[in-house]
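1. The sequence and its predicted three-dimensional model are supplied below.
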Amino acid sequence: MKIWSRIQNTKLTTWIFISLVVGLLLGQYFPDVAHAVKPFRTVFLNGIKCIIAPLIFASIVCGINSSGSVRALGRMGLKAIIWFEVATGLALVLGLLFVNVLRPGDGLSITASSAAAAADTSEFTWTHFVEHLLPTNFAEAVVHGEVLQIVLFSAIFGAALLLTGERGKPVLDFCEGLMQVMFKFTEIILLMAPIGVGAALAGSVAEHGLSVLLPMGKMVLTLYLALLTYILVVLVPALLWSRVRVKAFFKELRPTITLAFATTSSESAYPGALRSLEKMGVSNSIASFVLPLGYSFNLDGSTLYLATASVFIAQAAHIELSIGQQVAMMLTLMVTSKGVAAVPRTSIVVLSATLAAFKLPLEGLVLIMGVDEFMDMARTTVNLLGNCVATTVVSHLEGEQLAPEFRSH
């Protein structure tokens, strides 16, 4: 009974690590068995695919309506959104810069769907991008996995719902319920992650040998370097501009940052972050509005990760994306990332949607999940930091002054 109790209490992350070891051993010493378990990878991928549309729709509609009124989306909301887009854009640029310079995916070889993907992405043009921003039929967009169309439809739907007022409340209640259901659905599908990840690694090692592990380590290192650079060249200068004492800011948030890093969930750190910001001197009206708004619209670490991971998979599939294609991907991610919920590993859902939108092979997704825990710790921490910095920036723009011990002169 004690053994069964320990098995039940073992975290998903631990099971993923165990499955990695098992997959590694199967691929190296029992390649026939490794090839036999590869279909479980496809089952897991199909489970991820079916989450995309309802989760993005519900989370965006609820995020837009979290302000409660059109007036609340006025001056303060506009300043927050402008900063969110600037910060997100800079994160994407840095992600693309690092992944193109360091090229961590060059050591891998993902062959499935590569030829088709190369053909499809080569036909992508700016005219095609603009003409397909909105769907002719929402159901058709869902069926074909047109994620950007789903996102824009959801954003317009959310704005219309906000303008409708009380009469639209039953619809909002439905969307909130749908979002919670899809969170649970995601948790259930992620229970299959150890099997999918283990099967993927077993198949890759059986096909390519142990050399497949080096590029994954390079991917983790590339992301960490890009995120550290983002903190130093974007977040710290923003704090200095907002007249925040940087050392005191990080010291106050240190327990909250540690919690976010350890749990890979910025939501678990939300109460502590809110208390710390109010202690710094940010008014409750600003902190309680901008911080939760950022949880839906300002996930800097996740967007940087999405850009890096998408190009990494293209490199592994030997698909050279042009500058124009990468810019189009960046613009898509600036919108698509708004549907990322601040819960552990939901970025995987948006990454799979991005790969599908640009016809890149999903086979790379399950490989990334093998090291996703390491990357999730870092990107969740940057998500939290980015939202705290955004709140102080809006506070400064609104003319507030922080408490003396947190204010630079």
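-> It's in.

2. use CA for all of it now, contacts and neighbours both
-> Noted.

3. Show me which parts of the helix or strand encompassing Met330 are buried, residue by residue.
-> Assessed by DSSP states H and E, Met330 sits inside helix 323-336. Using 16 or more other CA atoms under 10 Å as the test for burial, helix 323-336 gives Gln325, Gln326, Ala328, Met329, Met330, Thr332, Leu333, Met334, Val335, Thr336.

4. Tell me the first helix or strand C-terminal of that helix.
-> Counting by DSSP H and E, what follows helix 323-336 is helix 347-357.

5. Show me what the next helix or strand after that next one is in contact with.
-> Downstream of helix 347-357, the next assigned helix or strand under DSSP H and E is helix 363-369. For helix 363-369, contacts defined as CA atoms under 8 Å, 6 or more residues apart in numbering pick out 41, 45, 110, 112, 193, 196-197, 200-201, 216, 309, 313, 316, 348, 351-352.

6. Give me the mean pLDDT for helix 363-369.
-> For helix 363-369, the mean per-residue pLDDT is 73.

7. With just CA atoms, put it into CSV.
-> C-alpha atoms of helix 363-369 as CSV (Å, rounded to 0.1, in the frame of the first residue of the first chain):
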residue,chain,number,x,y,z
GLU,A,363,7.3,15.5,-34.1
GLY,A,364,9.6,18.0,-32.6
LEU,A,365,7.1,19.0,-30.0
VAL,A,366,7.3,15.8,-28.0
LEU,A,367,11.1,16.0,-28.0
ILE,A,368,10.9,19.5,-26.5
MET,A,369,8.6,18.2,-23.8
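
8. Could you list every helix and strand in contact with whichever helix or strand comes after that helix?
-> Going down the chain from helix 363-369, the next helix or strand is helix 372-397, by DSSP H and E. Where contact means 3 or more CA pairs under 8 Å, 6 or more residues apart in numbering; DSSP states H and E, helix 372-397 is packed against helix 75-102, helix 213-230, helix 236-241, helix 246-263, helix 270-280, helix 284-297, helix 300-316.

9. For the fifth one, buried residues please.
-> What that stands for is helix 270-280. Tyr270, Gly272, Ala273, Leu274, Ser276, Leu277, Glu278, Met280.

10. Could you measure from the nearest residue to Phe406 once chain neighbours are set aside over to Ile231?
-> Closest residue to Phe406 apart from its sequence neighbours, by CA to CA, 6 or more residues apart in numbering: Arg245 at 5.2 Å. Plainly put, Arg245 is 15 Å away from Ile231 if you go by CA to CA, to the nearest Å.

11. What segments of the stretch 51-200 of the chain are helices?
-> Assigned by DSSP state H, counting those that start in this stretch, the stretch 51-200 of the chain shows helices spanning 52-65, 75-102, 114-122, 126-131, 138-143, 147-164, 169-190, 193-208.

12. and those as a markdown table, adding mean pLDDT and mean neighbour count?
-> As requested, the helices of the stretch 51-200 of the chain are arranged in a markdown table below (pLDDT from 0 to 100; neighbours: other CA atoms under 10 Å):
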| stretch | mean pLDDT | mean neighbour count |
| --- | --- | --- |
| helix 52-65 | 77 | 24 |
| helix 75-102 | 88 | 19 |
| helix 114-122 | 40 | 16 |
| helix 126-131 | 66 | 10 |
| helix 138-143 | 81 | 14 |
| helix 147-164 | 82 | 20 |
| helix 169-190 | 85 | 16 |
| helix 193-208 | 75 | 26 |
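
13. To Val33, which of those lies closest?
-> Closest approach to Val33 among these (CA to CA): helix 193-208, 8.6 Å.

14. so what's the residue nearest to Phe406 up against?
-> With contacts defined as CA under 8 Å, 6+ apart, Arg245 is in contact with Leu239, Glu405, Phe406, Arg407, Ser408.

15. 10 Å instead, please
-> Arg245 sits next to Val236, Leu239, Leu402, Pro404, Glu405, Phe406, Arg407, Ser408, His409 when contact means CA atoms under 10 Å, 6 or more residues apart in numbering.

16. right, and out of those residues, which lies closest to Leu360?
-> Nearest to Leu360 among the contacts of Arg245 is Val236, at 34.7 Å by CA to CA.

17. The closest one: neighbouring residues, count only.
-> Around Val236 there are 16 other residues, counting by other CA atoms under 10 Å.

18. Please tell me how far it sits from Ser242.
-> From Val236 over to Ser242 the distance is 10 Å, taken as CA to CA.

19. Need the residues touching each of these two.
-> Val389.

20. related to what we said a few turns ago, minimum pLDDT in the buried residues of helix 270-280, which residue is that?
-> For the buried residues of helix 270-280, the weakest pLDDT value sits at Tyr270, with 76.

21. hang on, that residue packs against Leu291?
-> Yes. Using CA atoms under 10 Å, Tyr270 is in contact with Leu291, at 8.3 Å.

22. between these two, what contacts are shared?
-> Leu384, Cys388.

23. residues contacting Glu146?
-> Here Glu146 is in contact with Ala53, His132, Leu133, Leu134, Pro135, Phe138, Glu140, Ala353, Thr354, Ala356, Ala357, Phe358 (criterion: CA under 10 Å, 6+ apart).

24. Equivalent analysis for Val99, please.
-> 105, 218-219, 222-223, 226, 307-312, 315.
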